[in-house]
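Asks: for reference, the sequence and a predicted model appear below.
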Amino acid sequence: MVIKRQTFSLRTRFGKWAGFVFGTFAALADQQIISTSVYARCPVQSDVFVVSVGALCALIGLIGAVISLRVRQSLPKEDSASAVMRADRFIATLSGGFALFCVLFIIFATPAGMILRCER
């Protein structure tokens, strides 16, 4: 089993985890950037800033989801695949779903950053 995984391309080995990595990074970056800049520093045009950061972070999460789901499609179907391939397909599925969940988090957090404003 281990030998099969080592023969995978780097694209497949990284791609199945891309949604988890990019989605987590995007959600945490969105939350930290908005909370430290808008709530603490009160920029002049905070609405534009919040929407821009939210759109950029959502795009990063979507890129991760697309990469994971494309790797999932490239792996063989469950009925003809070995246990290693089924496990990798499952990881890619969960990773893509998690990235989409992180994008949903960013979509809901963006209006909160516009409503709450600064705390000074």
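Replies: Yep, it's here.
Asks: please report how far Thr36 lies from Leu69.
Replies: To Leu69, Thr36 is 32 Å away according to C-beta to C-beta, to the nearest Å. Using the backbone N, CA and C atoms, a C-beta is placed for each residue, glycine as well.
Asks: buried sites along the helix or strand containing Val103?
Replies: Secondary structure from DSSP states H and E places Val103 in helix 83-116. Within helix 83-116, the residues scored as buried using 16 or more other C-beta atoms under 10 Å are 85-86, 88-89, 91-100, 102-103, 105-106, 109-110, 113-114.
Asks: quick one: distance of the strand or helix carrying Val38 to the chain centre.
Replies: If you go by DSSP H and E, Val38 is part of helix 10-41. Distance of helix 10-41 from its chain centroid, counting by C-alpha atoms, centre = their mean, to the nearest Å, is 6 Å.
Asks: list the buried residues for the helix or strand that that helix is followed by?
Replies: Reading on from helix 10-41 to the C-terminus, the next helix or strand found by DSSP H and E is helix 46-74. Neighbour counts over helix 46-74 (16+ other C-beta under 10 Å) mark 46, 49-50, 53-54, 57-58, 60-69, 71-72 as buried.
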